[in-house]
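Chemist: what shape does this take:
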Amino acid sequence: WTRLREAKLANADLRRARLHGADVSGADLSKANLAEADLTDIILTEANLQGATIKRADLTGSKLTGARLEGAGLNRADLSRADLSQTNLSQTFLRQARLTEANLQDANLAGVDLYGAELAWANLSRADLSSAKLERANLEGSKLIEVRLVEANLHMANLNAADLSQANLTGANVTPEQIE
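Modeler: This is a model prediction of the structure:
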């Protein structure tokens with residue numbers, strides 16, 4: 001396992017890097033290019049990934065608890081079974097990303113772009129998805145307990161079997177048929 005705890009890697013070009021299982025806790029990867037990188041099972045707890053390019057990267061099973069990803073580009077990234085609890089993902093691009101069974105509990109996803117994203121069976125309890133773009137996203141079976149979806153766009157999103165207990169949908173673009 002590679003140990004890069006608290007490493008200074010801002011603006012680094014790590015395209016297609018293989019960091020499977022690496023411990024990169026607390027590292028500064030702001031504006032780094034991690035496109036198409038193998039980041040499976042990586043530990044990025046409390047890491048700074050603000051403005052990083054992480055498109056098409058494989059982060060399956062990764063641990064990003066408390067990480068800062070504001071403005072990062074994660075389009076088509078695979079975050080299946082990743083732990084993103086208490087993570088700041090505001091204004092992040094996650095178009096067509098795979099977040100199946102991901103833990104996003106207590107995460108800040110305000111203004112995030114999740115167009116066409118796969119969030120089946122994800123835990124989004126108490127997450128803030130205010131003004132999020134969830135058009136055509138698959139949220140089947142997801143836990144959306146006490147989630148904040150104020151002004152969110154859920155047009156054509158799949159909410160089958162999703163638990164929306166105590167969710168705040170004030171001003172959200174959602175039809176009654178979607179939440180029956």
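Chemist: give me the distance from stretch 21-30 to the chain's centre.
Modeler: In terms of Cα atoms, centre = their mean, to the nearest Å, the gap separating the centre of stretch 21-30 from the centre of its chain is 17 Å.
Chemist: kindly report the same for stretch 31-41.
Modeler: 14 Å.
Chemist: kindly export it (C-alpha atoms) in CSV.
Modeler: Taking Å, rounded to 0.1, in the frame of the first residue of the first chain, the C-alpha atoms of stretch 31-41 are listed here in CSV:
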residue,chain,number,x,y,z
LYS,A,31,-6.9,21.0,-8.9
ALA,A,32,-5.1,17.7,-9.5
ASN,A,33,-5.8,15.7,-12.6
LEU,A,34,-6.9,12.2,-11.5
ALA,A,35,-8.9,11.4,-14.7
GLU,A,36,-9.3,7.7,-15.4
ALA,A,37,-7.2,6.8,-12.3
ASP,A,38,-7.5,3.5,-10.4
LEU,A,39,-8.5,4.8,-6.9
THR,A,40,-10.3,1.7,-5.7
ASP,A,41,-10.3,1.3,-1.9
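Chemist: neighbouring contacts of that stretch?
Modeler: Here stretch 31-41 makes contact (Cβ atoms under 8 Å, 6 or more residues apart in numbering) with 9-22, 49-62. Where you see a C-beta, it was placed from the backbone N, CA and C, and this is true even at glycine.
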